[in-house]
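Student: can't give you the sequence, but here's the structure:
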Ligand code: 13P
């Protein structure tokens with residue numbers, strides 16, 4: 001019922017040429033994968049060229065961030081409609097690296113998600129606790145604050161254009177994946193929160209991705225969990241072979 005999504009977050013890696021070359025390698029490897037939504041998120045400067053490169057393929061393009069205004073005197077920012085203009089269908093919002101290094105807050109995440117879905121993008125909204133928060137038993141409280149903050153003012157229809165990504169910060173780029181039990185219990189908690197805030201139908205339909213050291217050898221176990229609907233992949237998305245192997249988790 002929920003179509004799995006495998007998304008690659010390329011972060012600050014790869015030139016335009018390297019991005020196009022990676023997709024040229026990836027396209028034939030994933031072309032026969034059915035019933036999985038495959039998305040990659042290159043850096044802003046590559047978006048337009050990369051969108052051309054994936055035309056007529058089963059790969060969609062995401063940006064890694066956006067601003068909430070449509071236009072104006074906002075030096076350095078990029079508006080959702082310009083992402084669509086560059087060929088994006090998705091945008092990642094509130095990644096923990098943006099929260100940690102660039103002052104992203106639940107309030108800015110909320111404004112960006114609103115603007116993104118108003119413009120017609122699917123927003124991939126990231127949440128996740130720090131190691132210190134997990135160790136002090138505050139994981140659920142942190143996740144609840146982030147989810148409620150990100151989704152404040154939204155209705156059930158809006159949720160059709162939102163994908164949640166649970167990325168425990170301590171599992172990002174560390175090689176430490178959350179155990180399947182640790183991931184599943186947070187995914188279930190998020191789904192229950194959404195059922196409470198919206199309704200059971202909305203919570204049953206919303207996709208919740210796991211991110212944090214997802215690799216070809218752990219994706220299958222993660223995807224077997226009832227509330228894990230996909231993966232947001234960093235390091236392993238930078239190589240065609242490993243990303244394709246992750247996208248092929250069920251073949
Ligand atoms: P890694 O897969 O490199 O741990 O990164 C996860 C991530 O941050 C995806 O957004």
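Tutor: Yep, that arrived. Note that the coordinates shown come from a computational prediction; the quantities given were computed from them, not determined experimentally.
Student: does residue 210 touch residue 232 like I think?
Tutor: Yes. Between residue 210 and residue 232 there is a contact at 7.3 Å, judged by CB atoms under 8 Å. Using the backbone N, CA and C atoms, a C-beta is placed for each residue, glycine as well.
Student: these two: which is more packed in?
Tutor: Counted by other CB atoms under 10 Å, residue 210 and residue 232 do not tie: residue 210 has more neighbours, with 32 against 28.
Student: surely that one is within a strand?
Tutor: Yes. Looking at residue 210 with DSSP: H, G, I helix; E, B strand; the rest coil, it is inside a strand.
Student: ok, now which ones touch it?
Tutor: Contact analysis of residue 210 by CB atoms under 8 Å, 6 or more residues apart in numbering lists 165, 166, 167, 178, 183, 187, 222, 228, 230, 231, 232.
Student: how about residue 223?
Tutor: Contacts for residue 223 (CB under 8 Å, 6+ apart) come out as 4, 230, 231, 249, 250.
Student: circling back to that earlier point, show me which pair in the contacts of residue 210 is furthest apart.
Tutor: Using CB to CB, the contacts of residue 210 span at most 14.9 Å, a distance reached by 178 and 230.
Student: more neighbours: which of these two?
Tutor: Between residue 178 and residue 230, counted using other CB under 10 Å, residue 230 has the larger neighbour count: 30 against 23.
Student: please list the residues of this structure that sit near the ligand.
Tutor: 9, 95, 167, 172-173, 211-214, 232-236 (CB under 6 Å from any ligand atom).
Student: highest neighbour count among those residues?
Tutor: Counting neighbours by other CB under 10 Å, residue 214 comes out on top of the residues of the chain next to the ligand with 30 neighbours.
Student: just checking, that residue touches residue 177?
Tutor: Yes. Shown here, residue 214 and residue 177 form a contact pair, counting by CB under 8 Å, at 6.9 Å.
Student: overlap in contacts of the two?
Tutor: Common neighbours of residue 214 and residue 177, using CB under 8 Å, 6+ apart, are residue 222.
Student: okay, and for the stretch 51-200 of the chain, where does confidence drop off?
Tutor: For the stretch 51-200 of the chain, applying pLDDT under 70 flags no range at all.
Student: where do the strands sit along it?
Tutor: Secondary structure of the stretch 51-200 of the chain (DSSP state E, counting those that start in this stretch): strands at 59-63, 90-93, 122-127, 162-166.
Student: okay, these in TSV with mean neighbour count and distance to residue 244 next?
Tutor: Formatted as TSV, the strands of the stretch 51-200 of the chain follow (neighbours: other CB atoms under 10 Å; distance: least, CB to CB, whole Å):
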stretch	mean neighbour count	distance to residue 244
strand 59-63	23	11
strand 90-93	26	19
strand 122-127	26	20
strand 162-166	25	20
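Student: now the ones you listed as JSON lines including distance to residue 110?
Tutor: As requested, those are exported to JSON lines (distance: least, CB to CB, whole Å):
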{"stretch": "strand 59-63", "distance to residue 110": "18"}
{"stretch": "strand 90-93", "distance to residue 110": "9"}
{"stretch": "strand 122-127", "distance to residue 110": "9"}
{"stretch": "strand 162-166", "distance to residue 110": "11"}
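Student: nearest to the ligand: which residue in the stretch 1-150 of the chain?
Tutor: Residue nearest to the ligand within the stretch 1-150 of the chain: residue 9 (3.6 Å; CB to the nearest ligand atom).
Student: that residue against residue 42, yeah?
Tutor: No. Using CB under 8 Å, residue 9 is not in contact with residue 42, being 9.4 Å away.
Student: residues of stretch 107-125 that come out buried?
Tutor: 108-110, 112-117, 119, 121-125 (16 or more other CB atoms under 10 Å).
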